[in-house]
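this one's sequence-less:
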Ligand SMILES: Nc1ncnc2c1ncn2[C@@H]1O[C@H](COP(=O)(O)OP(=O)(O)OP(=O)(O)O)[C@@H](O)[C@H]1O
């Protein structure tokens, strides 16, 4: 039997050719990014990363046809985006933007149902097939409880999930999302990213999203687009960007360290004191972490008067000319050490 992945052929869905994006007014033109050349593929989750104001939303709005490009071309399935009618585009691309909306007197179910409007017409009656798509989307995002709620009573995170469900109900081969995890709590962020990743794999959809959830993107995305002023847009798998140093350069800021072994970022704490800590395992790692947070480097090969030993899962504190003390928690240990 063929695996789910091998049933589909990875294909070029969006091709970007020498694109410049930005804003044109009567008086001047503000170029946000230029000379972008790239391809987005089906069956992949692509995440766009970049600092505040770098142009992620501008790029997404341009790719969806909501905003005209300054220069260059965008092709969707080998056809220029501007040659599609609005209705044609709505059956190919669904979009989730971050802008808040002011909708009253509508339930979440009805809003998700609007995702079906390219097939029914705006006031069109929902067929059993439309209802099946809506129910499926609600199940996928796990928001059955929100479905009868009025949308103006939803929290930011709840509204975000409803908008994602609306995009899923639209059932398009391409989904573009601007910061879909922005208002979500951590478990929901993970759930939504995993759902989008699985969708790209199982249904061969092209999913492209912008996010500030760096660690999650590095763990879940198939491709990363790094956007910055100095290098433009750099593209690759998270692992290639890690190996070729692009990720470390991209986030080269004081206080952030990119660990090439784990492929993850961590906060760099300066230390001004050293303590001998011997042992191993999870307790050792947690003590090391807690001490570092307090400006103390912990290591087995340090010669300090005070020392900590982790034996048989017990923490013992040794101080010069005092009896060893059995410690029951890291908080207690810190109370002894940090004067
Ligand atoms: N309507 C507009 N006219 C002119 N400049 C704009 C307009 N909208 C946004 N900009 C500017 O374009 C640049 C890119 O903005 P954009 O919203 O695309 O950034 P972003 O990467 O999505 O930022 P964030 O992570 O903060 O959401 C910013 O400098 C912004 O101030």
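On my side now, so go ahead. These numbers were taken from a predicted model, which means no experiment stands behind them.

tell me the secondary structure for the closest residue to residue 336 other than its chain neighbours?
Nearest-residue entry for residue 336: residue 317, 5.8 Å, with adjacent residues in sequence omitted and distances by CB to CB, 6 or more residues apart in numbering. Placement of C-beta: from N, CA and C, glycine included. Classification of residue 317 using DSSP: H, G, I helix; E, B strand; the rest coil returns strand.

Touching, residue 317 and residue 332? I think so.
No: Residue 317 is beyond contact range of residue 332, at 9.1 Å (criterion: CB atoms under 8 Å).

These two: which is more packed in?
residue 317 (18 against 14; other CB atoms under 10 Å).

need the contact list for the more buried one.
Contacts here follow CB atoms under 8 Å, 6 or more residues apart in numbering; on that basis residue 317 touches 306, 307, 308, 324, 325, 327, 333, 336, 337.

Reformat those as TSV; add neighbour count, distance to residue 36 and secondary structure.
Below are the contacts of residue 317 laid out as TSV (neighbours: other CB atoms under 10 Å; distance: CB to CB, whole Å; DSSP: H, G, I helix; E, B strand; the rest coil):
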residue	neighbour count	distance to residue 36	secondary structure
306	14	56	coil
307	19	56	strand
308	24	53	strand
324	11	63	coil
325	13	61	strand
327	20	56	strand
333	18	52	helix
336	13	56	helix
337	19	52	helix
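
What does the pLDDT read for the residue nearest to residue 336?
pLDDT for residue 317: 94.

Contacts only, for residue 314.
Neighbouring residues of residue 314 by CB under 8 Å, 6+ apart: residue 326.

is it true that residue 194 touches residue 221?
No: in this structure residue 194 lies outside contact range of residue 221 using CB under 8 Å: 11.3 Å.

who's more crowded, those two?
Between residue 194 and residue 221, residue 221 has the larger neighbour count (other CB under 10 Å), namely 25 against 14.

how near is that one to residue 39?
Going from residue 221 to residue 39 by CB to CB, to the nearest Å gives 16 Å.

How about the residues of this protein by the ligand?
By CB under 6 Å from any ligand atom, the residues of the chain that approach the ligand are 23, 30, 32, 50, 52, 53, 54, 55, 56, 57, 58.

List the buried residues in the longest helix seen in the chain.
Longest helix in the chain, counting residues (DSSP state H): helix 186-203. The neighbour-count check on helix 186-203 (16 or more other CB atoms under 10 Å) flags 188, 189, 190, 191, 192, 193, 195, 196, 197, 199, 200, 201 as buried.
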